[in-house]
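Engineer: Dropping a prediction and its sequence here:
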Amino acid sequence: MFNSILVVCIGNICRSPIGERLLKIQFPNKTIESAGLKAVVDHPVEKTITEIALQHGISVSGHKAKQFNAQLCHQYDLILVMEKRHMEMINHLSPETSGKTMLFGHWNNQSDIADPYGKSRRMFELIYQQLSESADMWAKVLRH
């Protein structure tokens, strides 16, 4: 059973903090956090995705972007990334964690979840929907 999950993207200001919060709703008693491979350290969640999350009843207040590092690999039972290239980056940094690193969209056709940063509001809405659907799928799988 997975008792701790780390959600990873690039900047830790759009996708991974939303994924983190969505999974925390599903698993309030588990340790779930997020980090970025090239984090904008100490920055809050991007404004557009914050607004969209709030429209869905999810607050990301208090989030500060955190840099991913090899030590984090060993602190979590499962590492969920947004893109296949993120898995490659993590596996290069910490090869022994390849067996516990998976796509956040794994159960959603193993799809990458694109970075909406700098894109239209519509793109942010689509990404939020992908994150929400993927979090629901992870919840179903991890509960069985």
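Structural biologist: Happy to help now that I have it. Residues are numbered from 1 along each chain as shown.
Engineer: so for stretch 44-62, what's the average pLDDT?
Structural biologist: Average pLDDT, stretch 44-62: 98.
Engineer: in that stretch, what's buried?
Structural biologist: Going by neighbour count (16 or more other Cβ atoms under 10 Å), the buried part of stretch 44-62 is Val45, Glu46, Thr48, Ile49, Thr50, Ile52, Ala53, Ile58, Val60. The way it works is simple: take the backbone N, C-alpha and C, and place the C-beta from them, glycine included.
Engineer: One more: stretch 112-130?
Structural biologist: Quick answer for stretch 112-130 (16+ other Cβ under 10 Å): Ile113, Asp115, Pro116, Tyr117, Phe124, Ile127, Tyr128, Gln130.
Engineer: Tell me which helix or strand in this structure has the weakest average pLDDT.
Structural biologist: Every helix and strand of the chain was ranked by mean pLDDT, DSSP states H and E. The lowest is helix 70-75, at a mean of 92.
Engineer: and that helix, what does it pack onto?
Structural biologist: strand 4-9, helix 84-93 (3 or more Cβ pairs under 8 Å, 6 or more residues apart in numbering; DSSP states H and E).
Engineer: Of those, which stretch is the most buried?
Structural biologist: Each of these was scored by mean neighbour count; the highest is strand 4-9, a mean of 26, by mean count of other Cβ atoms under 10 Å.
Engineer: got the contact list for whichever helix or strand comes after that one?
Structural biologist: Once the chain leaves strand 4-9, the next helix or strand it forms, by DSSP states H and E, is helix 15-26. For helix 15-26, contacts defined as Cβ atoms under 8 Å, 6 or more residues apart in numbering pick out 5, 7-9, 30, 32-36, 45, 49, 53, 58-60, 63, 65, 80, 82, 104, 113, 115-116, 127-128, 131-132, 134-136, 138-139.
Engineer: Try it again at 7 Å.
Structural biologist: 5, 7-9, 32-36, 45, 49, 53, 58, 60, 63, 80, 82, 104, 113, 115, 127-128, 131-132, 135, 138-139 (Cβ atoms under 7 Å, 6 or more residues apart in numbering).
Engineer: Check stretch 101-119 too.
Structural biologist: Counting by Cβ under 7 Å, 6+ apart, 7, 10-11, 14-15, 19, 46, 49, 79-84, 87, 90-91, 123-124, 127, 130-131, 133-134, 137-138, 141 sit against stretch 101-119.
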